[in-house]
Structures are given as structure tokens and as C-alpha cells.
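A.B. asks: Pasting the sequence and the predicted model now:
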Amino acid sequence: MALIKFDLGNERGLERTLYKSDQIIEEDNKRLKTPPEYLDAEFSDKSFYLTLPHISAAQEFIRRYIENFNLPKREAVLYAHGTYTSGGLFNFSKKSKSWVYASEANESRENRFGNVQDWVDEKDGSEGVLYLGVCNPGHLDVTSRSSLIIYPDSILSSHRMVTGKCKTKIYAPEMGLFGINDIEEKLQILEGKRTAAA
């Protein structure tokens, strides 16, 4: 897993750290003849396709949430292939599911998997916002104690986002779980213009 830190100088003024799996790095190197720094910045901007078509409201919501709840002015992006397990690894006969990501390849070119909720727990509180650029075919949810989490509800691709086959979920510890279509209502609540529904 590569750790890439950079500051986009975006209007929210947040430092962003990108955690990119070995497999994604290898795929990018084979597919694209582009300097890695450009790809990382490009993906960082593309992490916002999770919030389209509500991008301006989403950016304002993130800024307000971080400010209102005194969170660190930092974002972390996990960019990796994802799937889910039931019971033991890929034992789909059990009822309990876990969302996992391919963290790195070992010497035999086999993937090692990390649990998405464990990654969130590790970063929770040290980052204001956690973006999960990880396919979620099990339609699973994650939670945190303080950090805002933005993640896909299914298999993630720009085509699936544009066609509405993959939607964005947002978990805000002080507000609960909601969809991107509710972002403007949640922003009004943060701004004090509206009260939360009981």
C-alpha cells in the first residue's frame, strides 16, 4: 500500500493523503503513461465524483462539518479494489459480511486483504474526512466516532456513478447515515436554517 501525501490547495484548505493499493498502482503503470504525481492529483479530484451532481453543496457540507465539530483539516482517501467476505474469507455460506479491500500483493502475486471498517477505525479522528474509493458489492456500511465518511453503495466506477447505478453514502457521526441526495438538507441543518427530523 503506497502512502502519497499532497495538498491540493482546494477551497476547503484540507491536506489530503492518498492510500493507494499495490494492485491499483501496477494497473495505472501498465495502462497509463503518465507521471505518478499527476495521477494521484487526478484521482484526488476524481474522488469528488462520489459527490456529483451535488459537488458545491457537498464541499460546503464538508467544510461546515469539520468546522462545527472541530475536526482536523485533513482528508484521507483509500483507493483499492474491494469485495466482501461472509464468515471466513470468501466463505459465502455465513450470514455475517465484511467489506474488504485488496491491500497489497505478496511475493506469489496473491492479494492480501484489509477490512474497510478497520481502516476507518485506524484513521478515525486523525482525519476530518475519509473517502473510500473501494468497490462495495456487498452494499455494506461503515461507521466512525468522529470523522466524516464518504463512500459508494455498490461497485464503483465513473460510468456507474453517472448512470445512477452506484450512489454515494455519507456517514456523519453527529447526523447518522444519509445519501448524497440529502446533502442540501443536511447542510441547512449544519447552518442552523433547519432542524433535524425526529
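C.D. replies: Great, that's in hand.
A.B. asks: distance between the longest strand anywhere in the chain and the chain's centre?
C.D. replies: The strand spanning the most residues in the chain, taking DSSP state E as the definition, is strand 97-105. Distance, stretch centre to chain centre, for strand 97-105: 14 Å (Cα atoms, centre = their mean, to the nearest Å).
A.B. asks: buried ones in that strand?
C.D. replies: Ser98, Trp99, Val100, Tyr101, Ala102, Ser103, Glu104 (16 or more other Cβ atoms under 10 Å). C-beta coordinates here come from the backbone N, C-alpha and C atoms, glycine included.
A.B. asks: Tell me the bridge partners for the third one.
C.D. replies: Yep, that's Val100 we're talking about. Thr83, Asn115 (DSSP bridges).
A.B. asks: Let me know whether it touches Tyr84 as I believe.
C.D. replies: Yes: using Cβ atoms under 8 Å, Val100 is in contact with Tyr84, at 6.5 Å.
A.B. asks: So what's the residue count around Lys165?
C.D. replies: Using other Cβ atoms under 10 Å, Lys165 has 12 other residues around it.
A.B. asks: and Phe145, what is it in contact with?
C.D. replies: Check again: residue 145 is Arg, not Phe. Asp124, Gly125, Pro173 (Cβ atoms under 8 Å, 6 or more residues apart in numbering).
A.B. asks: Over to Tyr151?
C.D. replies: Under the criterion of Cβ under 8 Å, 6+ apart, the contact list for Tyr151 reads Leu50, Tyr131, Leu132, Val134, Asn136, Val142, Thr168, Lys169, Tyr171.
A.B. asks: tell me what the longest helix along the chain is packed against?
C.D. replies: When the chain is parsed with DSSP state H, its longest helix is helix 55-68. Applying 3 or more Cβ pairs under 8 Å, 6 or more residues apart in numbering; DSSP states H and E, we find helix 55-68 packed against strand 148-152, helix 183-190.
A.B. asks: buried set for the last one?
C.D. replies: Neighbour-count burial for helix 183-190, counted by 16+ other Cβ under 10 Å, picks out Ile183, Lys186, Leu187, Ile189, Leu190.
A.B. asks: follow-up on the earlier one: would you mark the buried spots in the longest helix of the chain?
C.D. replies: Quick answer for helix 55-68 (16+ other Cβ under 10 Å): Ala57, Ala58, Gln59, Glu60, Phe61, Ile62, Arg63, Arg64, Tyr65, Ile66.
A.B. asks: Restrict it to CA atoms and write it as CSV.
C.D. replies: What follows is helix 55-68 as a C-alpha-only set of coordinates in CSV (Å, rounded to 0.1, in the frame of the first residue of the first chain):
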residue,chain,number,x,y,z
ILE,A,55,-20.5,18.9,-5.7
SER,A,56,-20.8,22.5,-4.4
ALA,A,57,-23.2,21.6,-1.6
ALA,A,58,-21.0,18.6,-0.7
GLN,A,59,-17.9,20.8,-0.5
GLU,A,60,-19.7,23.3,1.7
PHE,A,61,-21.1,20.5,3.9
ILE,A,62,-17.6,19.0,4.4
ARG,A,63,-16.2,22.4,5.3
ARG,A,64,-19.0,23.2,7.7
TYR,A,65,-19.0,19.8,9.3
ILE,A,66,-15.2,19.9,10.0
GLU,A,67,-15.6,23.5,11.4
ASN,A,68,-18.7,22.8,13.5
